[in-house]
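Participant: Compute the structure for the input listed below.
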Amino acid sequence: MTTEPSRARPGLRVEIRPMRRGDVVQVLGIERRSHATPWSESMFVSELGRRDGIALIAIDQGQAVGYVMVARQVEVWHVLNVAVHPERRGEGIGESLMTAVFDIGDRRDHRGYTLEVRVSNAQAIRLYRRLGFADHGVRPRYYSDNGEDALIMWRLGHPGEA
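Facilitator: Sure thing, here's the model as predicted:
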């Protein structure tokens, strides 16, 4: 699908492609290292079965280094789950994944993209704001592991309309 160079190591290329069922084992490894309440294998498989979703994986030298799962809900793309391997954060992999989501999602009419992010996840919030997302409220006690609030963010319309 898309190949983007990594920012951290010149010459390193990360392949962004659709996630397949066979990728789930590697994705689960990243998921478990990234989230306090990780998705189960069946949750990933269920989302992969969606007709109207986007599931992408970032691959470097045959290994998964990040992924994103997005579901279309009526006229809105909802970013459900995104993570980059902890040892690879800050290299531009998450940004490359999200940019690929926009490339695919913007081919269809839509009102925008939305997501929830932990209020304590400053690195992710900075990335989303840089990508055109804006704060649109808080979901109190959204995260079941510790009761942390979630920041609701929206990126409206197509690029330039946020």
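Participant: wait, residue 76 sits on residue 114?
Facilitator: Yes - contact criterion CB atoms under 8 Å: residue 76 and residue 114 qualify, at 5.8 Å. Where you see a C-beta, it was placed from the backbone N, CA and C, and this is true even at glycine.
Participant: For residue 117, the count of nearby residues, please.
Facilitator: Neighbourhood size, residue 117 [other CB atoms under 10 Å]: 21.
Participant: How about residues contacting whichever strand or helix holds it?
Facilitator: Residue 117 is part of strand 112-118, with elements assigned from DSSP states H and E. Strand 112-118 is contacted by residues 70, 76-79, 82, 101-102, 105, 124-125, 128, 133, 136, 139, 142-143, 148-157, 161-162 when judged by CB atoms under 8 Å, 6 or more residues apart in numbering.
Participant: Only whichever of those are buried, select them in PyMOL.
Facilitator: Filtering the contacts of strand 112-118 down to the buried ones (16 or more other CB atoms under 10 Å) takes a single PyMOL command:
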select buried, resi 70+77+79+82+101+102+105+124+125+128+133+142+143+148+150+151+152+153+154+155+156
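Participant: Among the contacts of strand 112-118, name the ones in strands.
Facilitator: 70, 76-79, 82, 136, 139, 150-156 (DSSP state E).
Participant: top helix in this protein by residue count?
Facilitator: helix 93-105 (DSSP state H).
Participant: May I ask which helix or strand of the protein has the lowest mean pLDDT?
Facilitator: strand 2-5 (a mean of 39; mean pLDDT, DSSP states H and E).
Participant: related to what we said a few turns ago, and which of the ones in strands among the contacts of strand 112-118 is nearest residue 90?
Facilitator: residue 82 (14.6 Å; CB to CB).
Participant: separation between that closest one and residue 109?
Facilitator: Note on residue 82: its distance to residue 109, by CB to CB, to the nearest Å, is 23 Å.
Participant: can you check residue 95 too?
Facilitator: 25 Å.
Participant: same question, residue 127
Facilitator: 26 Å.
Participant: When the two are compared, which one has more neighbours?
Facilitator: Neighbours per residue (other CB under 10 Å) separate residue 127 from residue 109, with residue 127 holding more: 20 against 8.
Participant: What is the neighbour count of residue 120?
Facilitator: Counted with other CB under 10 Å, residue 120 comes out at 12.
Participant: Leaving out chain neighbours, which residue sits closest to it?
Facilitator: Excluding its sequence neighbours, the residue lying closest to residue 120 (CB to CB, 6 or more residues apart in numbering) is residue 148, at 6.4 Å.
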